[in-house]
Each structure stands twice: as structure tokens, then as C-alpha cells.
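Chemist: Here is my input; please provide its structure:
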Amino acid sequence: LDHTMMDINLKDPLWLDVNDPRFGKMAEVGRVVKVGFVSDVPGLYFHKRFKDSGHPFYERVYQKAAKINEKFADNMDTCIIK
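Modeler: Modelled structure (predicted):
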């Protein structure tokens with residue numbers, strides 16, 4: 001969820017203030033992460049979400065998570081491939 005939520009919450013990596021005296025270095029890292037490791041890779045040959053995975057374990061976890069927060073459950077990945 002951390003990669004997906006960064007994509008949802010941070011539309012423009014330039015919003016991060018790299019000149020901040022306390023958090024500037026982390027903002028630089030955040031910019032690199034946002035542009036290079038957050039968006040989903042197109043054309044995967046396998047299903048990477050818990051939702052509709054077809055595997056009994058992932059389906060059971062998804063069903064329980066969806067009762068708590070469906071939006072987050074819909075975005076849970078079985079693996080991180082970015």
C-alpha cells in the first residue's frame with residue numbers, strides 16, 4: 001500500500017521541498033522514489049493484487065481487509081513490481 005498511496009497522495013514530485021533544512025534530503029529521496037518506483041508497470045502476465053487473485057489465501061485476506069477498508073484492500077499487492 002505504501003507505493004500505491006504515494007501515487008495517490010503525491011501527484012507532483014516537485015511538491016516535495018528539497019530546500020527544507022530538516023527534511024530536504026528525505027524530499028530528494030521521495031522525488032526519486034515517486035518518479036522511478038511508484039507507478040504500476042504495464043503489461044504484466046500475472047495478477048498482482050489480492051483482489052480477484054484466484055488464490056484461496058489472498059482471497060480470504062482480501063475479504064477480511066475489504067470489510068475494514070475496501071479502497072485499501074483493493075490496492076493490496078501480493079508482490080511489489082514497479
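Chemist: make it CA atoms for all contacts and neighbour counts henceforth
Modeler: Noted.
Chemist: residue boundaries of the helices in this protein?
Modeler: Secondary structure of the chain (DSSP state H): helices located at 2-9, 24-37, 56-68, 70-74.
Chemist: Turn the ones you listed into a markdown table, columns for mean neighbour count and distance to W15.
Modeler: Putting those into a markdown table (neighbours: other C-alpha atoms under 10 Å; distance: least, C-alpha to C-alpha, whole Å) gives the following:
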| stretch | mean neighbour count | distance to W15 |
| --- | --- | --- |
| helix 2-9 | 14 | 11 |
| helix 24-37 | 15 | 9 |
| helix 56-68 | 14 | 31 |
| helix 70-74 | 15 | 24 |
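Chemist: Quick check: which of these is nearest to Y45?
Modeler: Across the helices of the chain, Y45 has its closest neighbour in helix 56-68 (17.9 Å, C-alpha to C-alpha).
Chemist: Just the pLDDT for the residue of the chain positioned farthest from its centre.
Modeler: Ranking residues of the chain by C-alpha distance from their mean position (C-alpha atoms, centre = their mean) puts P21 at the top, at 27.6 Å. In this model, P21 is scored at 98, pLDDT.
Chemist: Check the gap between it and L10 for me.
Modeler: For P21, the distance to L10 equals 21 Å [C-alpha to C-alpha, to the nearest Å].
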